[in-house]
Each structure stands twice: as structure tokens, then as C-alpha cells.
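Visitor: next one to model:
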Amino acid sequence: AAVKIDLIPQDFFAELCEQVIQHLNHKIAGVNTIELCQRLQMSGIEITVSELAKLANVISFLFSTAARNHLSTEELVTALSSEVSALPKHVVQVIRHVWNEQGKAVSVSEEARNMDAVGQFIDISWKLGVAMSSDTCRSLKYPYVTVTLKVADPSGQVTNKSFEMTIPQFKNFSRQFKEMAAVLETV
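Guide: This next block holds a predicted model:
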């Protein structure tokens, strides 16, 4: 992550820091590294989603450690300057600005950290498909449902998880959701 940090323009790095702070404050489910990475690549920066996710994790660790230790903006910048000599000036400026503006609000309560340990659901999408044929069967006509779950893992990394189900499996899946909804109605 340290090798790529100097390649990221100041405005993109600021957006990444803002998303990390919002995630730490539980305002967003996670950092959308996929979308940020695509935008960086479209602007000509060579970086992978994995590299950007590592950088987001480093920034998250930095901000959460600073919050846990109740560091002021100047204390954070001084610590960064003494510990990490290779940081580009624009990176330190962005960290200073973001921490100064939003750092005080970072929540580091035990309950919040424990809640993050399981990840968070963001969205679900589905589509119905029909397998028409395969290399071993000319007339298959087999219906299936593809479900995609968008989730943020505990570090804030947003990922999509997709799986296919037969129609009977989907009906069972749907029934279980209806049962959960019915139980929630009683709460």
C-alpha cells in the first residue's frame, strides 16, 4: 500500500479517507473500493482493488488508533511524521484535514467494534434464468435463480457474493425470509 500511495491523486485520497471516517462512524456500511478503483483506473492510475483495499485498511487502522488514543490533529501529524518518513506531503495534508474536520466524531465504543466483527448487509439483487442446453443435453430448459448479496466485511471492504439456486431452493429461501419477517413483526 505504501508503494502506491504516492500515485493516488489528492482528491481521490481525500475521498478514500472520508469514506473510511464515515465507515468508522457507522454512517456507511463500508468503503466502496471497487468503485474508487475503477475511477482511479479510468484516470490512468494503475492500482488493483486489493491494493486499494489494503490502503483503506491502513487508513482505517490509523484513524481508529488515533481515536482510541484520543490524539489531536497535531499529535496525529507529529506521530505520522516521526514514524512514517516516506509519506508524500499531500497525503499528510489530507489526513490532517480529514482528522481535523471529522476525527472527533469517530466512535470507538466496544459495542460498535463488536458489531463490526460480523460485517453488514448492504443490498440484494436477483434474476431468473433458464439454462437452455449444455454440451451433454440438447434441450435442458432448466430454470434457476441467481442471487447477489452486497456486503461489507468487518474492515469495511464492500464485496458481492453471488450464488445460484434451483426453484425449490429459492422457494425455501423465500419461505425462510417470510418466517424472519413474521418473527420481526412480533418484536
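Visitor: could you verify that D6 is part of a helix?
Guide: Yes: assessed with DSSP: H, G, I helix; E, B strand; the rest coil, D6 lies in a helix.
Visitor: now it, nearest residue through space, not along the chain?
Guide: P88 (4.7 Å; C-beta to C-beta, 6 or more residues apart in numbering). Bear in mind the C-beta positions are built from the backbone N, C-alpha and C, glycine included.
Visitor: list phi and psi for the spatially most central residue of the chain.
Guide: Nearest residue to the geometric centre of the chain (C-alpha atoms, centre = their mean): Q157, 2.7 Å. Phi and psi for Q157, reported as degrees, to the nearest 10, are phi -70, psi 120.
Visitor: who are the contact partners of it?
Guide: G30, V31, T33, A53, A56, N57 (C-beta atoms under 8 Å, 6 or more residues apart in numbering).
Visitor: the same query, at a cut-off of 6 Å, please.
Guide: A53 (C-beta atoms under 6 Å, 6 or more residues apart in numbering).
Visitor: tell me which strands and helices the helix or strand in which T146 is found is in contact with?
Guide: Using DSSP states H and E, T146 sits in strand 142-152. Contacts defined by 3 or more C-beta pairs under 6 Å, 6 or more residues apart in numbering; DSSP states H and E place strand 142-152 against strand 120-131, strand 158-166.
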